[in-house]
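>>> my questions concern the predicted model and sequence given below.
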Amino acid sequence: MTIIIDGLRYLAYILIFPGFLFCFLTGLLLCGIDRKLVARMQKRIGPPILQPFYDFFKLLGKETIVPAAANKTVFLLAPLVGLAAQVVLQLFIPVFQFNAFHGVADVIVILYLLLIPALSVILGAASSGSPYAGVGLSREMVTVLSVELPLVLVLLAVAKTVGNAIGTGLCFSLTDIVNYQIANGSLITRLSMLPAVAAMLLIIPGETGSHPFDAAEAETEICEGMLAEYSGAPLAVYKLSHAIKLLTLTSMFVALFLGGIGGGVMAMFTGVSPVVAGSVGLLLEILILFVLCVVLVAICVSLIHAVTARLRIEQLFKYYWTVVTGLAAISVVLAWYGL
Amino acid sequence: MILLNYMASFFLIVLGLYCIVCKYDLMKSVIGLSIMDYGVNLLIITIGFNPGGTAPIYTFGELKPESFFVDPIPQALTLTSIVIGACVTAMSLSLVIKLKEMYGTTDTHEIRRLRG
Amino acid sequence: MMMQHYPILAIMTYFLGAFLIVIFGKARAIRNAVGFLATAVPLCLLIMLVKPVMMNGEIIAYWMGGRVPAGGYAIGIALEVDALSLFFGLLIATAVFAAMLYSFSYMSHDDNEPQYYTLFLMLCGGVMGLVLSGDLFNMFIMVEILTFAAVALTAFRNTVFGALEAAFKYLVVGSIGSSCILAGTIMLYAQAHTLNFAQLSAMIPGNLNVATMVAYALLFIGFCTKAFLVPFHPLAADAHGAAPAPVSVLISGVLTKSGLYGIIRLTYILFRTMNLGSVQFWLVFLGSVSMFVCVTMALAQHDFKRLLAFHSISQIGYVLTAAGLATALGVSAGLYHAMNHTLFKGLLFLCAGAVLHETGTTDLDKLGGLSKKMPQTTVLFLVGAFSISGIPPFNGFASKWLIYQATYQKAVESGNIGFVLVTICCLVTSTLTLASFVKVTQSVFFGQLPKEYENVREVSFGMRLAMGLLALLCIVTGLFPGLVTSFLTEPAARAVFGANTYINAMMGAGYAEGFGLVDALPVSFLSVGVWSPISWLCLLMIMLLAVAIVAVSTKYDQVSALARTAAAEEAAAAAGPRYGSGSLAEGKYELFFGGEETVFSQVGGDDMFWGFKHNWRHYFSFMHNLHSGIVNDYSLWAVIALALAMLYAIIVL
């Protein structure tokens, strides 16, 4: 009996929260808020906040064209695998004290799981046979390369700081990182973590391919690059996983640096029955997470989008391997010497 | 006497390496390999050599604590090593012939289609 | 007691097979049967040794002719199989078996087939003899046999572009390496008057002096040439480019392992110098440089096999780095990666061979779009590419992940921030590996199909079987990292740290302790990370199912759309290649495409990653000029490496 209940619970985790349905709603909502914010910053009215939902369902209804040069299986399968991997990735990122799947993957694994959605877009694009997609995937790979190095450094800095504090020397478990912050305050308040925070804020737009760092899909020169040949449902799936990526990265930021904010939530319910505390607390935590994600999106996606122009791909690479990597490296060194 | 042997063997090894590194001709590379090989062989023999020792040929009855002979193992090793050296030379020479046929030269600066 | 004889039987089966093929190899059926048996039997023999050696921790000591040590001196020639030897032996036997299966159809169009199989089996016997040997001079002989066979096999297709040249370079630099091993051996003999590994391991560590350190440097450089570590990597690239694909599997999967085995045996057991910080630095530095230089070299290549060759050395760099950490976790991770390297590299070379077999070229700028013609090869290649780039849940990820843990843990334990750089180097190299495999995927298997390859077919079943075997092993070892570490790599790592057991098994109990030797490190395999591939895969599968169900049910007419495309494709095939095949059936897209002929346009290998290459252009052109292809230069590098190693050994140790 318990097995069935456990199974159902896990299924609910996978399909509803923090899995598919949650990702679907929150991701697209974040995307809509982003578009609205950019528009307001540029003194436009902008689309309604629910526009990404309309777009998604509209695309689902359109017909799917497979180009003659394409490998059909890979072309159609790649978006699905990418979406699935993206959602599974979200399962490993704790929402403050709530963690659906503890003990499956640590930070280094998550770093690699982040590659899978990017890789699935690249493979899908490659299989389409279009030269635009070829140029796009080449640029996407360079973007991934550029972002990887600072991201690694940020994760190492966090792992070392938390590891020093909890006495194991290093800590790769995202759950432990969050729990440590709940007990001792967020990492963002540490002086040594500030450069890493700045680096991570710059990594988020790079990973999601939003404006100054979107050489890979540059609509005006290479027709959205990798998505050039996609239409209908596969395109909708790609748009969806892109939106979820926004959620994943911002909630990862929250888990890495702002985990302490959730500490007060459960404390408010001491003395209340655990069921109420659990459900209401969880709802509150989700709400806080969402607000934080919106704030992060506003800062590092919308604001930067509104005020900058697109970088060329080699400028992008240089920027990430000098400025952002430098910031993250400062953090690693500071964390290493325990500052 | 023994010191001279050691010096000669190291001289031969260095000479062989010099020949391989600085001579831009396939044949000379092969010669360098052989010279280096001779140097190593001389080194082996020298290590097993005891001044005044006899040849290490005894039956069990003849072997006494006071019998004084050169170390037999390095000699066995040298034989093996000489055979191997001869094979390497043969093999490299055959390759040189083929290379000469194909490239029309034995200059190492011409034979560099694989690079970068 | 039959078990005692398995190692010698395994070695002799290869050599016997070689001689039988010389005599009876004229007929194809006999040749193939002998080849199959000669590779399958040793594999079975070694698998039967797994239980006693790996699980029960026995060490098999075999004295040829029954000449056991007398008076504490080893006079006979010995074979000694501990978990480390058996681990490498198993890798070799597996790779050789797959390569043999593949050869049957791959080599069937060549002349001189008997000679090929003879050399092939000689090479296998040489490597197997090397890893199972318990005698330093025997190791040298085996090194010579395998170098010789490898050179001959490299030049086997001597009409192929660059084959002779590659073979000659390999022969010259390889001979320098072999001579180094011989000189090192003999210098050790001068100090200890024995050639037996166990006895040397007992006598040398207590008596380190200038002569033994020079011998150490000589042996080390000798084994480096066999493993093709920097600065010997150009040889590997040249040799792989020219050799037939199964031979590439042997050279990268098998020959490099013999070098690695030599280095590990040398540093951990023979000299026991791994507790010195300077030796750790040496190995880790060499490993990291190999890993990074070779991956960047690979990015700049536009030949499929040459690219793979550079990657091969890059992965060997990982293994050496991990082994150089001198922690149990590091060694175990390194061995795990060595195993994975054999599997995925073998698979990738066989895929490259399949492409060469069908299209006649491995030039990345000429190929394209083969996934439509060779779908199964494409899938197998993708498995290999994902494995080597460390995409979860394939095996490359499991071992790389352990390596990251090990390097970072080492950094924290030793408080040395330098090891953090190593971790970062490993991670960046891994991404660069992914980048270059994206390049291969795009320019060989995806993209548009050039006209001349319209008639390419899928390769024969035998070749796919060999590739499938390796791909299956890649997936299995990736999904069950716990089993691999507990049954294969951890016993081997324990053997690495248990030199006393090794010595005593050979020379009699208490022999090692008589020299005042103690096994220093407590062996612990603890790592702080968590990774459970099976749970992840379950999650992914459920999610994929959910996504697929949603995608299919909300819509709409994907099925009919597909059907329409299929019909349209037939029409398109009749009308010649056109853009957007959906258009022809209905004509409603004529507005956009006008129905004109498509222009062939493919983003080839050299056009990829411009943004990256542009920033690194000085580095790339410097490296390009450095790899001049002149045999003198490569020999010079070898001599410089030797001189540096000797200086380092004398001054620092």
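Nice, thanks for sending it over. The shown structure was predicted, so the numbers you read here are calculated from the model rather than taken from an experiment.

>>> let me see the contact set for A:L11.
C:I542 (C-beta atoms under 8 Å, 6 or more residues apart in numbering or on different chains). In this view, the C-beta of every residue, glycine as well, is placed from N, C-alpha and C.

>>> please identify the helix or strand for it.
helix A:2-15 (DSSP states H and E).

>>> swap in C:H357?
Taking DSSP H and E as the criterion, C:H357 maps to helix C:328-359.

>>> quick check: what element follows that helix along the chain?
As assigned by DSSP H and E, the chain's next helix or strand after helix C:328-359 is helix C:375-388.

>>> nearest residue to the residue in chain B positioned nearest to chain A other than its sequence neighbours?
Nearest to chain A, among the residues of chain B, is B:G116, at 20.8 Å (C-beta to the nearest C-beta). Leaving aside its chain neighbours, B:G116 sits nearest to C:H624 (4.5 Å; criterion: C-beta to C-beta, 6 or more residues apart in numbering or on different chains).

>>> list the buried ones in the strand or helix carrying the one you found?
C:H624 is part of helix C:617-626 when elements are defined by DSSP H and E. Buried residues in helix C:617-626, counted by 16 or more other C-beta atoms under 10 Å in any protein chain shown: C:F620.

>>> now check the next helix or strand after that helix, is it near chain B?
Moving toward the C-terminus from helix C:617-626, the next helix or strand (DSSP H and E) is helix C:631-652. Yes - applying C-beta under 8 Å from any C-beta of the partner chain, one finds helix C:631-652 in contact with chain B at C:V631, C:N632, C:S635, C:L636, C:V639.

>>> and chain C, is the top helix by length along chain B touching that?
When chain B is parsed with DSSP state H, its longest helix is helix B:72-103. Yes - Helix B:72-103 reaches chain C (C-beta under 8 Å from any C-beta) through B:73-74, B:77, B:80-81, B:84, B:87-88, B:91-92, B:95-96, B:98-99, B:102-103.

>>> give me the buried entries from those residues.
For those, a burial check counting by 16+ other C-beta under 10 Å picks out B:73-74, B:77, B:81, B:84, B:88, B:91-92, B:95-96, B:98-99, B:103.

>>> middle-most residue in chain B, spatially?
B:D37 (1.6 Å; C-alpha atoms, centre = their mean).

>>> show me where pLDDT drops low in chain C?
Under the criterion pLDDT under 70, the flagged ranges of chain C are C:1, C:520-523, C:527-528, C:550-607, C:653.

>>> kindly report the same for the stretch 151-300 of chain A.
Checking the stretch 151-300 of chain A against pLDDT under 70 turns up A:262-274.

>>> spell out which parts of it neighbour chain B.
Counting by C-beta under 8 Å from any C-beta, the stretch 151-300 of chain A has no residue next to chain B.

>>> quick check, the residue in the stretch 151-300 of chain A closest to chain B?
Here the stretch 151-300 of chain A gets closest to chain B at one residue, A:A215, 28.0 Å apart by C-beta to the nearest C-beta.

>>> do the same with the stretch 251-400 of chain C
Going by C-beta to the nearest C-beta, chain B is nearest to C:A300 of the stretch 251-400 of chain C, at 7.1 Å.
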